[in-house]
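In: coords please:
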Amino acid sequence: MSNCDYFSLCLTESSTQTYGFGNKTAGSRYPRFAEEGMRTIVGPMPPGQFLDTFLQRQQFERNGIMDDMPSSKNAFIHIPREAKKEEEIYEPLIKALNKSIRKKTRCPGFSFRNTSSRADESGGKVGSVKPDLCCYADRHLEMVSVTSTRPASWRTDMGLVATFIEVKPRPGLDFFRDPPLDDDDVDRDNWVFTLDHITNLLDHTRAEEALGQNIAYTAELFARQHRWFCFSVSLAGSRARLFRWDRSGVVVTRAFDLRDNPAILCEFLWCFAHLPETGRGYDMTVQPATPKEAKSFRDAIMAHASTQLALQDPDAIENAVKEHCEPGVVAAIQIPDSERPARLRRFLVSRPIFFPLSAVGRSSRLYWAVDVDTWRVFLLKDTWRYNDGTGHSREGHTLTFLHLLGVPNIPRVETHGDVPEVVVFENDDEGTVRTTFKGHYITNTQNLLGEAWVCNRSLARKFVVERRHYRLVMDAAGYPLFRLTGSAELFHATYDAFEALHQAHIRDHGRVHREITPGSIILYRERTSGEDSDGSPKRLSRRRGYLVNWDVSRNNTVSYFMGPAVSGAWPFAAYDVLSARNTKYTIQYDMESVYFVVLYCAYCWLPHDLSPKHLLSRLQEVFDYIRDRDVDGTPIGGAGKANLFQSQNNGHLWGTKGVGTWLEAVLDLRPLHNSKTTPAQTWDSWNLSGLDLLWQNFLRTETLRDDDRTENLDQAVFAQLLPRIAQRRPFQPTIPSNYMAVGRKRTSSEVSLEGCSEPRRQPGRRLAKGPGQTQDNLSPARDDADDQTPNDGDPGSDKQNRTLRSRAKRGGKVVQVGGKVRARRAKGSGKAKKKIRSGTSGKA
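Out: Numbering: from 1, shown residues only. So this is what the prediction gives:
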């Protein structure tokens, strides 16, 4: 039995609705998002500190950037303090935001548009999103314009949104309440900051929905773009707040009135427009692929999909390619080689095969990724790992070690590592671009928990944790288990995964997996070559089940408390985990999760006699049920699973011989619980060897079918409840920074990661340690005693700043160097190499 400490599941949209059958419409989703998000809010931060910390306002002031900002006087004087409808705020707000003063706009290079009536329905009408005002880069406006209407309107495209503003008509719907500024005796840890200060039931419901809206829009933006963080604005009448979101949580400012204090929003917009891409949260390790790469990517995906799905029909192959490739939206991801860190690997991706629903957390995405060196197709996992300080959360290390131990049916690691920050060096005269890496990107929100202005600190410390951006490339580029073809593939593939679980537990000090789901089992067909004895090409092997998602697994060598900051998959969790009956996580809980994965897939995609309505009732009872919360706030569930164990029978007939036999045999093997027996005393028959023997005998004696998949999730009954994974609609591609750069000459403001050389220290360079940086970001070599170059974060003398402003006015360009803004000479004015610092890890 493993000694891994017990963990309570945290309810999130990802943990409950990725496979759950809860209502997916806005009226149900927004309250769920609000409840989830209340745990990870850090505020209220003084707006000035927010601008200086995240928007580099002080540096822009020192270097003259703020001198050219249009006057903020009366900028938002026409915004009503309170309106009957939020629509009354849209028009005056948009006019104020986009207003040009002496040929200068408040947010140069960006425009705000009213998108409140045209939702982004790329993922289907149910669950679509439409922020009130979306901010787009000017180069994207043509793509979101709806010219069929008069006058022209604008649609929401969350893959292109730079930031957004959500509006409510009056201050009473502000979902936050700030403590008094002049009262030092306020108990901020017990201050009611979010929602509960609103006593009117109708207003409370609307404010809760408004909070959920903001979180839902951020979650969609994160899912659709390669982002490290993003900004947004919330209005309640003329009362405004600024937000900065990352995978750790959200930082929110104190409220300020746009009419009385317009400078805050004006400075926010001006600084936002002048930040480098990384300062606006874009992940610059991802860039658009070249047209040649995009074509080769499609060809590689076509060949791989044909093999994995055993397809020959051209139309079927084309549909398979569309699941992974969106024409014109192919991105190139740079990943350091884990075996040779000085070497960079370049992988191409487009559409994910799996993406998260929540804004905060691991936020894992899976892609088919093509290596540009070999044109082989790999499985790339992009995630935000919980940094426990032990190194055990690096999934690549776990998989590599398990391979050394001989554990079968797990993917081989091609490369892996934390995502680095990017430093870009340009030479305009030579037209060359070179990049190097420094440190690793980590979230920032958790670093502010010690600030004096933070409310509800004790709650936030439990959930707002440091996360590191991490990528893992594996060789099992297949399909998740829910793409099964029939009962034979279901039971063989899940046995393969169980075998991996079994051997990992035996060979690696009682290792447990702790996240068994249909998405954790990948159906993958090994490549074959050569000929059979009769001279014909070798027939394709069956798809095996590969067990992935080992990032939260643990063994007995680590006593690790997996707290509520990390969520698992609620529908497949063991009964004891859901009912909080035990203090230790054991391998029997993983075994139980395997059973529920099989049952879930059988209910959804194998023939049986349940009507659609009865099927929905059974799925919600067994997999979705949440009774209440424990005294400490821990969610409690599992009643439907307990009823299933008590009955020891599924109560209906299965259309394929053998399916019911296995399900009932496993229930007979698993002992019942009662009030007098603790779980630890009931595991005598429920063990790995017993289930292994049962499963092997079943596969040897039962005849299962390869083609009995049945679509049981009737659209008429499940229309507003269907999980995204069951819709068979391709996910939208993840948009890289500098989208639309494909196929045209790159401008000087755009960054290419082509031709990266090995990382090396630049003589005389020193990084200022900003918010979010750790010692991982600061190499001791950068603090050499003979370093005579001033720190990039130093303000410099007034004379230096005047020189910079003068140079900029003579035709040079203001660029980002380290944490500091500098003026660049105009092209042709010298041969010196220019250095552009694209951002500081965690600082922007």
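In: how many residues are close by residue 711?
Out: Using other CB atoms under 10 Å, residue 711 has 10 other residues around it. In short, each C-beta sits where N, CA and C put it, glycine included.
In: strands of the stretch 51-200 of the chain, start to end?
Out: In the stretch 51-200 of the chain, the strands defined using DSSP state E, counting those that start in this stretch lie at 100-101, 104-105, 110-114, 133-137, 145-146, 153-154, 163-168.
In: those: which one's closest to residue 285?
Out: Between residue 285 and those, the shortest separation by CB to CB is 19.8 Å, and it involves strand 133-137.
In: now the angle from the closest one to strand 163-168?
Out: With axes from the mean of the first three to the mean of the last three CA atoms, to 10 degrees applied, the angle from strand 133-137 to strand 163-168 works out at 170 degrees.
In: report the buried residues of the longest helix along the chain.
Out: When the chain is parsed with DSSP state H, its longest helix is helix 201-224. For helix 201-224, the neighbour count (16 or more other CB atoms under 10 Å) marks 204, 206-224 as buried.
In: cool, and stretch 698-717?
Out: For stretch 698-717, a neighbour-count test (16+ other CB under 10 Å) marks 698, 702, 704-705, 708-709, 712-713, 717 as buried.
In: what about it, start to end distance?
Out: With CA to CA, to the nearest Å applied, stretch 698-717 spans 34 Å between its terminal residues.
In: follow-up on the earlier one: so which elements touch the longest helix of the chain?
Out: Other helices and strands packing on helix 201-224, by 3 or more CB pairs under 8 Å, 6 or more residues apart in numbering; DSSP states H and E, are helix 26-37, strand 163-168, strand 230-236, strand 239-246.
In: adding mean pLDDT, write these out as TSV.
Out: Formatted as TSV, the helices and strands packed on helix 201-224 follow (pLDDT from 0 to 100):
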stretch	mean pLDDT
helix 26-37	94
strand 163-168	98
strand 230-236	98
strand 239-246	98
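In: out of those, nearest to residue 298?
Out: For those, proximity to residue 298 was assessed by CB to CB; strand 230-236 is nearest, at 29.8 Å.
In: relative to that closest one, what are the paired strands and their orientations?
Out: Counting by DSSP bridges, the strands paired with strand 230-236 are strand 163-168 (parallel), strand 239-246 (antiparallel).
In: distance between that strand and the chain's centre?
Out: Offset of strand 230-236 from its chain centre (CA atoms, centre = their mean, to the nearest Å): 20 Å.
In: show me what contacts the residue nearest the centre of the chain?
Out: When CA atoms, centre = their mean is applied to the chain, the residue found nearest the centroid is residue 363 (3.0 Å). By CB atoms under 8 Å, 6 or more residues apart in numbering, the contact set of residue 363 is 14, 222-223, 247, 356, 383-384.
In: what do you get for residue 106?
Out: Residue 106 is in contact with 70, 75, 96-99, 266, 269-270, counting by CB under 8 Å, 6+ apart.
In: 7 Å - rerun?
Out: Counting by CB atoms under 7 Å, 6 or more residues apart in numbering, residue 106 touches 70, 97, 99, 266, 269-270.
In: quick one: the strands in the stretch 601-750 of the chain?
Out: Going by DSSP E, counting those that start in this stretch, the stretch 601-750 of the chain shows strands at 626-629, 635-637.
In: for these, which one sits closest to residue 507?
Out: With CB to CB, the closest approach to residue 507 among the strands of the stretch 601-750 of the chain belongs to strand 635-637: 32.9 Å.
In: parallel or antiparallel, list what pairs with that closest one.
Out: strand 626-629 (antiparallel).
In: and which of the contacts of residue 363 is nearest residue 417?
Out: Of the contacts of residue 363, the one sitting nearest to residue 417 (CB to CB) turns out to be residue 383, at 12.1 Å.
In: distance of that closest one from residue 472?
Out: Residue 383 sits 7 Å away from residue 472, going by CB to CB, to the nearest Å.
In: for those two, indicate the residue with more neighbours.
Out: Neighbour totals were compared for residue 383 and residue 472, and residue 472 leads with 29 against 24 (other CB under 10 Å).
In: how far out from the middle of the chain is the helix or strand where that one lies?
Out: In this structure, residue 472 sits in strand 467-474 according to DSSP states H and E. Centroid separation for strand 467-474 versus its chain: 11 Å, with CA atoms, centre = their mean.
In: what angle sits between it and strand 239-246?
Out: Put simply, strand 467-474 runs at 40 degrees to strand 239-246, going by the same axes, to 10 degrees.
In: packing partners of strand 467-474?
Out: Packing partners of strand 467-474 (3 or more CB pairs under 7 Å, 6 or more residues apart in numbering; DSSP states H and E): strand 377-386, strand 413-418.
In: format these as CSV; extra columns: mean pLDDT and distance to residue 83.
Out: As requested, the helices and strands packed on strand 467-474 are exported to CSV (pLDDT from 0 to 100; distance: least, CB to CB, whole Å):
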stretch, mean pLDDT, distance to residue 83
strand 377-386, 96, 38
strand 413-418, 94, 47
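In: report the buried residues of stretch 455-465.
Out: 455-457, 459-460, 463-465.
In: residue 604: which of those residues is nearest?
Out: Nearest to residue 604 among the buried residues of stretch 455-465, with distances taken as CB to CB, is residue 463, at 31.8 Å.
In: so how far is residue 636 from that closest one?
Out: From residue 463 to residue 636 the distance is 19 Å (CB to CB).
In: include mean neighbour count and distance to residue 525 when you put the strands of the stretch 51-200 of the chain into JSON lines, please.
Out: Compiled in JSON lines, these are given as follows (neighbours: other CB atoms under 10 Å; distance: least, CB to CB, whole Å):
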{"stretch": "strand 100-101", "mean neighbour count": "10", "distance to residue 525": "58"}
{"stretch": "strand 104-105", "mean neighbour count": "16", "distance to residue 525": "54"}
{"stretch": "strand 110-114", "mean neighbour count": "21", "distance to residue 525": "46"}
{"stretch": "strand 133-137", "mean neighbour count": "23", "distance to residue 525": "42"}
{"stretch": "strand 145-146", "mean neighbour count": "13", "distance to residue 525": "43"}
{"stretch": "strand 153-154", "mean neighbour count": "18", "distance to residue 525": "45"}
{"stretch": "strand 163-168", "mean neighbour count": "24", "distance to residue 525": "42"}
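In: quick one, which of the ones you listed is nearest to residue 652?
Out: strand 163-168 (46.0 Å).
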